[in-house]
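**Q** here is a sequence together with a model predicted from it:
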Amino acid sequence: MSAPPVHLTDLGTTVEADDAPLLVLGPSLGTGCVPLWSATLPRLRARFRVLAWDLPGHGGNREVGDPFTIADLAAAVLAAVDAHAPGASFAHAGVSVGGATGQQLALDAPERLTALAAVATAPRLGRPDAWAERAALVRAEGTAAVVDGSRQRWFAPGFADAHPEVAVPLLQSLARLDAEGYAQTCEALGSFDVRDRLGEVTVPVLELLGADDPVCPPDGPAPIAGDGGAVADSRRVVLQRVAHLPPAEAPDAVVEALLTFLDRDAVTALTRGATTAEVQDAGMAVRRAVLGAAHVDRASAAAAEAGGTSEEFQRFITAYAWGGIWTRPGLDRRTRSFITLTALMARGHDEEFAMHVRAARTNGLSEAEIGELVLQCAIYLGVPDANHALKLVRSALAEHGKGGA
């Protein structure tokens, strides 16, 4: 049996440093990886060098070879990564069959994985006979025959009607997929079962599930993480009003969960007795992720040129504000942005407020949510303060839209 053809796209990074950590994204059955993850990519590429792989006959992959197993697929993904980044360690985030492949990678090549995000997946997905039936159906009638069923499985109730700009392209792409590539993937899923092996996984795992997912429900019989989960070093996040395609349905929530998980060393820096240098490094990682590498580099360079107190102040805010507060696990970054904007607006710190408006967009707040924050504050701070803040918001968002940091 030859290795399944895997098409891998290097999406690069917007991080200016050459040593951006590597994040490999995997698809769900019936989707191209890049379209599935597209709404998350701006924020992920601001933190990682991103690679995305496609299944045989899916997305940008027009090749279809011999039948394969999930173990074969994991080996092919590893080989594809090596073609782009030889021997590199990487984090893997995959949806459904992409998450199954990630579990297999964690079992077969744990020395290469820094972390695993298992999204809308399980150690066994469905029944072998059901997968065999679906494979036979698409071979006979094409993938258009499974579009209606996929619409019901992929999206939470009401989502497809409310967001046709997301649902329709994904479903149209499904209808055009290569039937044999889809069928072979069904058969691979039918033989996949690592329930008895998950206790062997040593890499940190995030299990990210949709509360409305009929394929991998949160109350399924074989949890990966959380209470009763098989993996010791793991955490579980369940997204409300989300079904089987979280990166498409709730991209901001997915990115927040991924960043919090993948920055876990920074998040736990203070609670594990970190050294001063470790706290400083953790703070710098989060500061660059939130404010943007270009902004932080400019501030650091100006402080280094000024020397003395200016340089010491940069170290101080990096360690105590970013390493001491922004890394804490009690609140996500979206919430911290809400709080920070409110405090800065109340105190009239215009320059910092504008900077954190741009940071809030990076942290997943929409323009509408920032507007609601200003309206809320108008009641408790006063209309003149809110009017002034709105002017700052408009200016900051315009700069953010031009790529300013």
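**A** Cool, got the structure. Residues are numbered from 1 along each chain as shown.
**Q** break the chain down into its domains, please.
**A** 7-262, 271-401 (automatic domain parsing).
**Q** could I get those in JSON lines, plus columns for mean pLDDT?
**A** What follows is these, written out as JSON lines (pLDDT from 0 to 100):
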{"stretch": "domain 7-262", "mean pLDDT": "94"}
{"stretch": "domain 271-401", "mean pLDDT": "84"}
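**Q** just these: most buried one?
**A** Most buried of the domains of the chain by mean neighbour count (mean count of other Cβ atoms under 10 Å) is domain 7-262; its value is a mean of 20. Backbone N, C-alpha and C define where each C-beta goes, glycine included.
**Q** so V166 sits right up against P246, yeah?
**A** No. Contact between V166 and P246 fails when scored by Cβ atoms under 8 Å: they sit 11.9 Å apart.
**Q** which secondary structure elements does the longest helix seen in the chain contact?
**A** Using DSSP state H, we find that the single longest helix of the chain is helix 383-401. Judged by 3 or more Cβ pairs under 8 Å, 6 or more residues apart in numbering; DSSP states H and E, helix 383-401 is in contact with helix 333-347, helix 350-362, helix 367-381.
**Q** run the chain-centre distance for the second one.
**A** Centroid separation for helix 350-362 versus its chain: 22 Å, with Cα atoms, centre = their mean, to the nearest Å.
**Q** ditto for stretch 175-194
**A** Distance, stretch centre to chain centre, for stretch 175-194: 24 Å (Cα atoms, centre = their mean).
**Q** and stretch 107-117, by the same measure?
**A** 17 Å.
**Q** farthest from the middle of this structure: give me that residue.
**A** Within the chain, the residue lying farthest from the chain centre (Cα atoms, centre = their mean) is G308, at 39.5 Å.
**Q** quick one, strands of the chain?
**A** Shown for the chain, the strands assigned by DSSP state E span residues 7-12, 22-26, 49-54, 90-95, 113-119, 205-210, 234-239.
**Q** which one of those strands lies nearest to R176?
**A** With Cβ to Cβ, the closest approach to R176 among the strands of the chain belongs to strand 49-54: 13.8 Å.
**Q** about what we covered before: G181 is nearest to which of the strands of the chain?
**A** G181 lies closest to strand 49-54 among those, at 9.5 Å (Cβ to Cβ).
**Q** got the angle for that closest one vs strand 90-95?
**A** Relative orientation of strand 49-54 and strand 90-95, computed by axes from the mean of the first three to the mean of the last three Cα atoms, to 10 degrees: 40 degrees.
**Q** show me the contact partners of strand 49-54.
**A** The contact list for strand 49-54 (Cβ atoms under 8 Å, 6 or more residues apart in numbering) reads 6-13, 15, 20-27, 32-34, 37, 41, 44, 60-61, 77, 80-81, 84-85, 90.
**Q** likewise stretch 168-186?
**A** With contacts defined as Cβ under 8 Å, 6+ apart, stretch 168-186 is touched by 4, 29-32, 35-36, 55-59, 61-62, 64, 67-68, 97, 131-132, 134-136, 138-139, 142-144, 146-147, 150-151, 154, 160, 245, 248.
**Q** let's see it at 6 Å
**A** Here stretch 168-186 makes contact (Cβ atoms under 6 Å, 6 or more residues apart in numbering) with 29-31, 55-57, 64, 67, 131, 134-135, 138-139, 142-144, 147, 150-151.
**Q** related to what we said a few turns ago, what would the strands of the chain look like in CSV with distance to D178?
**A** Output for the strands of the chain, formatted as CSV (distance: least, Cβ to Cβ, whole Å):
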stretch, distance to D178
strand 7-12, 12
strand 22-26, 18
strand 49-54, 11
strand 90-95, 19
strand 113-119, 24
strand 205-210, 27
strand 234-239, 31
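**Q** find the nearest non-adjacent residue to H84, please.
**A** In this structure, H84 finds its nearest non-sequential neighbour in D10, 5.3 Å apart by Cβ to Cβ, 6 or more residues apart in numbering.
**Q** the one you found reaches A85, doesn't it?
**A** No. D10 lies out of contact with A85 (Cβ atoms under 6 Å); the separation is 8.5 Å.
**Q** from R287, how far off is E312?
**A** 16 Å (Cβ to Cβ, to the nearest Å).
**Q** my bad, should have said R298
**A** Separation of R298 from R287 (Cβ to Cβ): 13 Å.
**Q** hmm, who's touching stretch 139-152?
**A** Stretch 139-152 has contacts (Cβ under 6 Å, 6+ apart) with 30, 137, 160, 171, 174-175, 177, 179, 182-183.
**Q** roughly how far is it from the heart of the chain?
**A** Chain-centre distance of stretch 139-152: 27 Å, with Cα atoms, centre = their mean.
**Q** and that stretch, how far apart are its ends?
**A** Length of stretch 139-152, first residue to last, Cα to Cα, to the nearest Å: 21 Å.
**Q** center of the chain - which residue?
**A** By Cα atoms, centre = their mean, the chain has its centre lying nearest to V255, at 3.9 Å.
**Q** list the contacts of it.
**A** Residues near V255 by Cβ under 6 Å, 6+ apart: 40, 43.
**Q** try V290
**A** Taking Cβ under 6 Å, 6+ apart, we find V290 in contact with A359.
**Q** same deal with S337?
**A** Counting by Cβ under 6 Å, 6+ apart, S337 has contacts 360, 363, 365.
**Q** which one of these sits closest to R195?
**A** Nearest to R195 among the contacts of S337 is N363, at 36.4 Å by Cβ to Cβ.
**Q** does that closest one really touch R336, like I thought?
**A** No. The criterion here is Cβ under 6 Å, and N363 misses it with R336 at 7.5 Å.
**Q** what touches both of D10 and A85?
**A** By Cβ under 6 Å, 6+ apart, D10 and A85 have no common neighbours.
**Q** separation between the spatially closest residue to A304 that is not a sequence neighbour and D213?
**A** Sequence neighbours aside, E311 is the residue nearest to A304 in space, at 5.7 Å (criterion: Cβ to Cβ, 6+ apart). Taking Cβ to Cβ as the measure, E311 falls 50 Å from D213.
**Q** all good on my end, thank you.
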